[in-house]
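Participant: the following comprises the amino acid sequence and a computationally predicted model.
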Amino acid sequence: MSPFWLWWLTKGWPWLKKNWMWVLLFPVALLAFLFGRDRGKVVVVDERRESDAARDFERKVEERRQAAVGELDRQLVERTGAVVQEHREELNKLTEEQRAAAEELLEDPDALRSYLLQVGSRARG
């Protein structure tokens with residue numbers, strides 16, 4: 001037998017049986033690195049080569065988005081209209097109350113005087 005085979009049988013094989021995981025670590029790590037490196041790539045598809053199914057899917061998604069946006073716009077207009085109408089009604093109610101109070105104050109000078117004193121004391125703090 002040659003000296004290499006003799007060395008292998010006496011020293012190399014027992015060492016390999018004992019440390020086999022360290023020997024396999026480098027190739028497995030290298031393969032994991034090479035296959036894992038390709039996972040993060042972004043593939044850009046040329047529009048001319050894009051499939052009809054992809055274009056059809058994009059069109060359907062855009063139609064759904066437009067329908068949802070239209071519905072939300074319609075709801076917003078309805079809610080805004082209701083809030084504006086409610087605000088106008090409240091302002092009209094307050095305006096009528098102030099006009100009624102002003103007419104009462106114009107008819108009664110003592111009430112006007114007490115009202116003006118009250119407003120002046122609130123302004124001074």
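Facilitator: Looks like it arrived, so ask away.
Participant: can you pull the domain assignment for this protein?
Facilitator: Here the domain assignment for the chain is 1-37, 54-125, based on automatic domain parsing.
Participant: just put those domains in CSV and tack on mean neighbour count and mean pLDDT.
Facilitator: Placement of C-beta: from N, CA and C, glycine included. Below are these laid out as CSV (neighbours: other C-beta atoms under 10 Å; pLDDT from 0 to 100):
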stretch, mean neighbour count, mean pLDDT
domain 1-37, 10, 82
domain 54-125, 10, 89
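Participant: tell me how far G12 lies from L105.
Facilitator: G12 is 114 Å from L105, where distance means C-beta to C-beta, to the nearest Å.
Participant: now do the helices in the chain.
Facilitator: For the chain, the helices defined by DSSP state H occupy 3-7, 13-18, 20-37, 52-107, 109-124.
Participant: distance between the last one and the chain's centre?
Facilitator: I take that to be helix 109-124. On the basis of C-alpha atoms, centre = their mean, to the nearest Å, helix 109-124 sits 54 Å off its chain's mean C-alpha point.
Participant: which residues are in contact with it?
Facilitator: E104, L105, L106 (C-beta atoms under 8 Å, 6 or more residues apart in numbering).
Participant: the third one too?
Facilitator: Contacts made with helix 20-37 from outside it, assessed by C-beta under 8 Å, 6+ apart, are listed as L16.
Participant: gap between that helix and the chain center?
Facilitator: The chain centroid and the centroid of helix 20-37 are separated by 40 Å under C-alpha atoms, centre = their mean.
Participant: let's see it as PDB, backbone CA atoms only.
Facilitator: Provided in PDB are the C-alpha atoms of helix 20-37 (Å, rounded to 0.1, in the frame of the first residue of the first chain):
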ATOM      1  CA  TRP A  20     -17.600  15.200   9.300                       C
ATOM      2  CA  MET A  21     -20.000  18.100  10.100                       C
ATOM      3  CA  TRP A  22     -17.100  20.700   9.900                       C
ATOM      4  CA  VAL A  23     -16.100  19.300   6.500                       C
ATOM      5  CA  LEU A  24     -19.700  19.600   5.200                       C
ATOM      6  CA  LEU A  25     -20.200  23.100   6.700                       C
ATOM      7  CA  PHE A  26     -18.300  25.000   4.000                       C
ATOM      8  CA  PRO A  27     -20.000  23.500   0.900                       C
ATOM      9  CA  VAL A  28     -23.500  23.700   2.500                       C
ATOM     10  CA  ALA A  29     -22.800  27.300   3.500                       C
ATOM     11  CA  LEU A  30     -21.600  28.100   0.000                       C
ATOM     12  CA  LEU A  31     -24.700  26.600  -1.600                       C
ATOM     13  CA  ALA A  32     -27.000  28.400   0.800                       C
ATOM     14  CA  PHE A  33     -25.300  31.700   0.000                       C
ATOM     15  CA  LEU A  34     -25.500  31.200  -3.800                       C
ATOM     16  CA  PHE A  35     -29.200  30.100  -3.800                       C
ATOM     17  CA  GLY A  36     -30.100  32.800  -1.200                       C
ATOM     18  CA  ARG A  37     -28.500  35.600  -3.100                       C
END
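Participant: sweet, I'm off.
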